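Chemist: Need coordinates for the following:
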Amino acid sequence: MFEQLTERFESLFKKLKGLGKLTESNVQDALKEVRRTLLEADVNYKVVKEFTENVKRKALGEKVLSSITPGQQFIKIVHDELTSLLGTESQEVNFSLTSPTTWMLVGLQGAGKTTACVKLALYFRKKGKKPLLVAADVKRPAAVEQLMILGKNLDIPVFSDSKKVWKNPEKICDQAKKKAKDEDFDLIIIDTAGRLHIDQELMDELKRIRKKVEPQEILLVADAMTGQDAVNIASTFEKEIGLDGIFLTKMDGDARGGAALSIKAVCGKPIKFIGVGEKTDALELFYPERMASRILGMGDVVSLVEKAQETISLEEAKELEKKLRKQSYTLEDFFHQLQQIKKMGPLESILDMIPNLGTKSLKGLSFDEKTLTKVEAIINSMTRKEKEKPEIIDGSRRRRIASGSGTSVQDVNRLLKQFVMMQRMIKRMNRVDPKALGKGLFPF
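Modeler: Numbers count the residues shown, from 1 in each chain. As a prediction, the model looks like this:
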């Protein structure tokens, strides 16, 4: 997430930390680098101008210039301004005082609107809600079928006009609301139609649906990888139908950051959710301060702990913590933890939350289903002693293990290297927050 942006900030901050004091000259130099970094990340130029002016004003204040840690003070100012740019505080979604609550998801084709509907339904079902998905996209071929399949796979009911009874989206939504009241659903999530480009026909249709169902929340689903286009789309939807928030998708891709960093400032609406993967549980609430920390390479321990608590039992964590204290962490434990991490989402996004790890340290640590299968085969081909003391695995042992697991010596070498990297990561996490680790909150 924002890898290039993070690398640039990390490089800049490394230089600042080495300065004995801040002067107007080196503040100007730092701000030029910040400005260039943000513009290359496709952040709106007006937003960049205001951002750098605010940082400059605060960085040249007497308290910062006379501080014994001026570099760190400058970093804190950038962090605070970045947090403000992203929205300062996390914004809650709106719920109705009486059931059912109705949400509309709007956006262009290809942004991931249908999947976003399912992600929200799954997320809030885990929170105790009873969701009903509504297939109101009668324009796109197979849109209804896609939602029906996703809903069936997760056992989430979907209301649709499969028999062509009502034939228009506002009538479908109205009938869905009646069904929700009759069958005690407390959350309705409407998947509306999209277009390749914004047109008046689409806006008129969305206005009719809004008038008919009076939703408590209208969320724009926008593709983070489209940069400033996402910001322009958000501004148009806000002007035409009104928005309550943004759901940014594809944040796990090679998004440069422009959409996330500009959208609140330009259209005035908060980002409420982000999609961080293709799986239906790859959804996160958006926290501006946490995101600012991740962008600046400072990690996000709070989100990491929350993810760990959701997927890993306290007993398992305590048992692992004992092994870590005794320095008895083995390759079998390593494989078990990889499976646990897999439940938490893409490994890259988990490592991204660890402070001071550095973006360069993350390269090469990527595990998919096929990789995990290889890892399991390799570990199962080792002797007990090799699992406990991998440092004894020499060239001949590596060839034997590769032959027994149906893999290559290069695969074995890669696994052993990744195991060493994981050990180093654990040591860094111990330095970050040993109290949290002692409570069994981390999944490593």
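Chemist: shaky segments in the stretch 251-400 of the chain?
Modeler: Within the stretch 251-400 of the chain, the stretches with pLDDT under 70 are 253-256, 299-314, 316-317, 320-328, 341-370.
Chemist: what's the spacing between the residue sitting furthest away from the middle of the chain and residue 386?
Modeler: Largest separation from the mean C-alpha position in the chain: residue 396, at 42.7 Å (CA atoms, centre = their mean). Going from residue 396 to residue 386 by CB to CB, to the nearest Å gives 12 Å. C-beta here means a position set from N, CA and C on the backbone, and glycine is covered the same way.
Chemist: tell me which element the residue farthest from the centre of the chain falls in.
Modeler: Applying DSSP states H and E as the criterion places residue 396 in helix 395-405.
Chemist: ditto for residue 334
Modeler: helix 331-344.
Chemist: For that helix, C-alpha coordinates in CSV please.
Modeler: Extracted in CSV, the C-alpha atoms of helix 331-344 (Å, rounded to 0.1, in the frame of the first residue of the first chain):
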residue,chain,number,x,y,z
LEU,A,331,10.1,-24.0,11.4
GLU,A,332,6.9,-25.9,12.4
ASP,A,333,5.9,-22.8,14.4
PHE,A,334,6.9,-20.7,11.5
PHE,A,335,4.5,-22.6,9.2
HIS,A,336,1.7,-22.5,11.7
GLN,A,337,2.1,-18.8,12.1
LEU,A,338,2.0,-18.3,8.3
GLN,A,339,-1.3,-20.0,8.2
GLN,A,340,-2.6,-17.8,11.0
ILE,A,341,-1.3,-14.6,9.2
LYS,A,342,-3.0,-15.8,6.0
LYS,A,343,-6.4,-15.5,7.9
MET,A,344,-5.6,-11.9,8.6
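Chemist: Does anything pack onto it? Which helices or strands?
Modeler: helix 301-311, helix 314-325, helix 347-351, helix 369-380, helix 384-388, helix 409-432 (3 or more CB pairs under 8 Å, 6 or more residues apart in numbering; DSSP states H and E).
Chemist: That one: how far from the chain's middle?
Modeler: Helix 331-344 has its C-alpha centroid displaced from the chain centroid by 20 Å (CA atoms, centre = their mean, to the nearest Å).
Chemist: how big is the angle separating it from helix 369-380?
Modeler: Here helix 331-344 runs at an angle of 160 degrees relative to helix 369-380 (axes from the mean of the first three to the mean of the last three CA atoms, to 10 degrees).
Chemist: Now do the residue positioned nearest the centre of the chain against residue 250, distance only.
Modeler: The residue lying closest to the centre of the chain (CA atoms, centre = their mean) is residue 276, at 3.9 Å. From residue 276 across to residue 250, the span is 9 Å (CB to CB).
Chemist: mean confidence score for the helix or strand containing residue 205?
Modeler: Element membership of residue 205 [criterion: DSSP H and E] is helix 200-213. For helix 200-213, the mean per-residue pLDDT is 93.
Chemist: Could you name the helices and strands sitting against that helix?
Modeler: Partner elements for helix 200-213 (3+ CB pairs under 8 Å, 6+ apart): strand 101-106, helix 169-182, strand 187-191, helix 228-240.
Chemist: low pLDDT regions in the stretch 51-200 of the chain?
Modeler: For the stretch 51-200 of the chain, the ranges with pLDDT under 70 are 62-70.
Chemist: mind running it again at 80?
Modeler: Flagging of the stretch 51-200 of the chain using pLDDT under 80 yields the residue ranges 61-73, 88, 140-141, 166.
Chemist: just the strands in it please.
Modeler: Along the stretch 51-200 of the chain, counting by DSSP state E, counting those that start in this stretch, strands occupy 101-106, 131-135, 158-159, 187-191.
Chemist: Buried residues, the second one. List them.
Modeler: Okay, so that is strand 131-135. For strand 131-135, a neighbour-count test (16 or more other CB atoms under 10 Å) marks 131, 132, 133, 134, 135 as buried.
Chemist: Surely the last one touches residue 172?
Modeler: So the one you mean is residue 135. Yes. Judged on CB atoms under 8 Å, residue 135 makes contact with residue 172 at a distance of 7.5 Å.
Chemist: so what's in contact with these two at the same time?
Modeler: Common neighbours of residue 135 and residue 172, counting by CB atoms under 8 Å, 6 or more residues apart in numbering, are 159, 160, 161.
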